[in-house]
Each structure stands twice: as structure tokens, then as C-alpha cells.
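A.B. asks: can you look at this prediction? I've put the sequence above it.
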Amino acid sequence: MTSLDSTFSALADPTRRAIIARLASGSATVNELAEPFDISLPAISRHLKVLEGAGLIRREVEAQKRRCHLEAKKLKEAEDWLDNTRVFWKERFDVLETFLDESR
């Protein structure tokens, strides 16, 4: 699986996207990340493991707590891919629109 594949696979889950959104406003402990969800702490840990494996977050130990940080570089890579794809399809649709206009 490529890096981009693992990024999009990790972001496919709404819980993981919510965790990423929360981390965009600053680092948080695992318990702070788990707070808004109605799922077990082990389930949150599994989500964090997927995000960490995809390189989207980094976890570090602070005393007795595990703090999570967003790794924006991986999100930037996904954003760049989406931007390139958007440009490609916009150009294709512009060509199609021109063709349809000329054939009327």
C-alpha cells in the first residue's frame, strides 16, 4: 500500500476524521480525544494506531499520559493529490463543455 493509499484509507472512517479535526486545533491526550465518542478506550486506541500507521499523527509519552499530535505533512500530500486531480478533471470538463457548445 502506498503512502497516499494508507492516508486515504485512514481518513475513510468518520471517527478518525473527527480525531484529525480535533488535533488540527492542537495536541491532545488519548483520553481527551476519546471524550466525545461513545466507544471504548481500546476502540479509540485502535483508531489512533491506524492514524499513526498512516503517518497522520504522532504519539508521545508525557509522564503517565500519551499525547497525540497532528502530522500535517501527510495531509498536505493528500491535498496536493486532490488539487492535481481537480485540475485534471476541470480541464477535461472544460474541453467537454467547449465541444458541447460548438456542437449545438
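C.D. replies: Ah, there it is. Numbers count the residues shown, from 1 in each chain.
A.B. asks: you'd agree residue 24 is up against residue 68?
C.D. replies: No - shown here, residue 24 and residue 68 do not form a contact pair, counting by Cβ atoms under 8 Å, at 11.7 Å. For glycine as for every other residue, the C-beta is placed from the backbone atoms N, C-alpha and C.
A.B. asks: which of these two has more neighbours?
C.D. replies: residue 68 (22 against 10; other Cβ atoms under 10 Å).
A.B. asks: assign that one to helix, strand or coil.
C.D. replies: Under DSSP: H, G, I helix; E, B strand; the rest coil, residue 68 falls in the strand class.
A.B. asks: measure it to residue 102 for me?
C.D. replies: Distance, residue 68 to residue 102, by Cβ to Cβ, to the nearest Å: 54 Å.
A.B. asks: do residue 40 as well
C.D. replies: Distance, residue 40 to residue 102, using Cβ to Cβ: 60 Å.
A.B. asks: okay, those two: which has more neighbours?
C.D. replies: More neighbours surround residue 40 than the other of residue 40 and residue 102, with 10 against 7 (other Cβ under 10 Å).
A.B. asks: per-residue confidence at the more buried one?
C.D. replies: If you check residue 40, the pLDDT there is 93.
A.B. asks: what comes up buried for the one helix or strand in the chain whose mean pLDDT sits lowest?
C.D. replies: Within the chain, no helix or strand scores below helix 72-102, which has a mean of 87 by mean pLDDT, DSSP states H and E. Residues 74-75, 78 are the ones in helix 72-102 that count as buried (16 or more other Cβ atoms under 10 Å).
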